[in-house]
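Asker: sequence? don't have it. structure:
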């Protein structure tokens with residue numbers, strides 16, 4: 001499937017969406033029975049390789065006893081054919097990570113400084129605890145004076161609640177430094193989208209647009225797992241992922257995506273007109289697709305072109 005069908009020479013750039021029929025393990029009854037009596041430790045023997053995998057039938061199998069063997073069959077999914085569309089403008093790729101803000105406080109700040117000065121981890125913690133103890137009554141008792149003593153009084157005022165602490169803070173004119181730090185937390189999954197405007201210039205092109213829209217709307221949904229009678233649905237088979245390739249003048253562009261999940265399909269019929277063809281097809285269609293990569297990236301994958 002492709003759009004446009006007519007006047008294709010006017011479009012030097014193309015983007016192809018290929019649904020990937022993912023293979024999953026198809027467990028037979030014997031393998032399911034083995035899994036039901038397998039401990040979490042024994043699950044480490046489970047191999048997703050398409051060959052044999054061994055699972056001991058129970059945790060109390062005698063030493064030197066060979067584990068039972070069960071053949072793993074591959075369940076091949078079904079996928080539609082590829083769709084090639086014109087390359088839209090404004091291809092946006094966003095990379096994002098998450099940081100969390102934490103307050104080290106006095107003890108954490110002293111411990112961090114000790115580590116940076118070459119102290120061992122235990123030594124830094126010991127120093128932090130000792131320094132943290134130099135607060136409160138010690139400050140007020142005359143060991144320290146001036147602004148440091150004021151901070152000590154502020155720490156003691158914590159036991160009087162927010163009101164007492166506020167009174168002391170407003171009169172002494174000092175505030176405890178929370179020693180805030182921003183620490184790396186995680187990598188966000190990348191998401192990206194594409195928008196296409198399709199206007200049919202022939203009956204064949206109108207049929208093609210209809211087929212393209214139906215393909216994406218079909219592929220976003222899972223397949224139902226039903227009981228043999230077809231009365232009830234027990235679950236879902238995962239939808240297919242999409243392999244996305246962009247080309248310009250026949251050459252693959254250096255913008256790579258992982259095989260991605262289709263997250264959203266938005267279709268607007270006749271966004272700028274009210275006309276419908278005699279066969280009931282719209283005169284124009286706006287198609288917006290949103291995708292999300294299934295795993296996070298790292299530095300090496302960016303170096304590899306993702």
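Answerer: Thanks, I have it. If you're wondering where the values come from, they're calculated on a predicted model, not measured in any experiment.

Asker: where in the protein is pLDDT low?
Answerer: Applying pLDDT under 70 to the chain flags residues 24, 26-79, 105-145.

Asker: for it, which helix is longest?
Answerer: helix 203-219 (DSSP state H).

Asker: what residues of that one count as buried?
Answerer: Using 16 or more other CB atoms under 10 Å as the test for burial, helix 203-219 gives 205, 206, 208, 209, 210, 212, 213, 215, 216, 219. C-beta coordinates here come from the backbone N, C-alpha and C atoms, glycine included.

Asker: do stretch 248-260 as well
Answerer: For stretch 248-260, a neighbour-count test (16+ other CB under 10 Å) marks 257, 258, 259, 260 as buried.

Asker: again, but for stretch 289-303
Answerer: Neighbour counts using 16+ other CB under 10 Å place 289, 290, 291, 293, 297 of stretch 289-303 among the buried residues.

Asker: reformat those into JSON lines and put secondary structure and distance to residue 270 next to each item.
Answerer: Formatted as JSON lines, the buried residues of stretch 289-303 follow (DSSP: H, G, I helix; E, B strand; the rest coil; distance: CB to CB, whole Å):
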{"residue": "289", "secondary structure": "strand", "distance to residue 270": "19"}
{"residue": "290", "secondary structure": "strand", "distance to residue 270": "22"}
{"residue": "291", "secondary structure": "strand", "distance to residue 270": "25"}
{"residue": "293", "secondary structure": "coil", "distance to residue 270": "33"}
{"residue": "297", "secondary structure": "coil", "distance to residue 270": "39"}
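
Asker: so which of the residues you listed is the closest to residue 172?
Answerer: Proximity of the buried residues of stretch 289-303 to residue 172 (CB to CB) peaks at residue 297, which lies at 49.9 Å.

Asker: now residue 153. Its backbone dihedrals?
Answerer: As for residue 153, its main-chain torsions (degrees, to the nearest 10) stand at phi -60, psi -40.

Asker: try residue 281
Answerer: Torsion angles at residue 281 (phi, psi; degrees, to the nearest 10) stand at phi -80, psi 150.

Asker: next: residue 4.
Answerer: Torsion angles at residue 4 (phi, psi; degrees, to the nearest 10) stand at phi -80, psi 160.

Asker: my guess is it meets residue 206, correct?
Answerer: No. The criterion here is CB atoms under 8 Å, and residue 4 misses it with residue 206 at 11.5 Å.

Asker: for the chain, what spans make up the helices?
Answerer: Under DSSP H, the chain gives helices at 29-36, 105-116, 121-132, 137-138, 146-156, 161-172, 203-219, 299-303.
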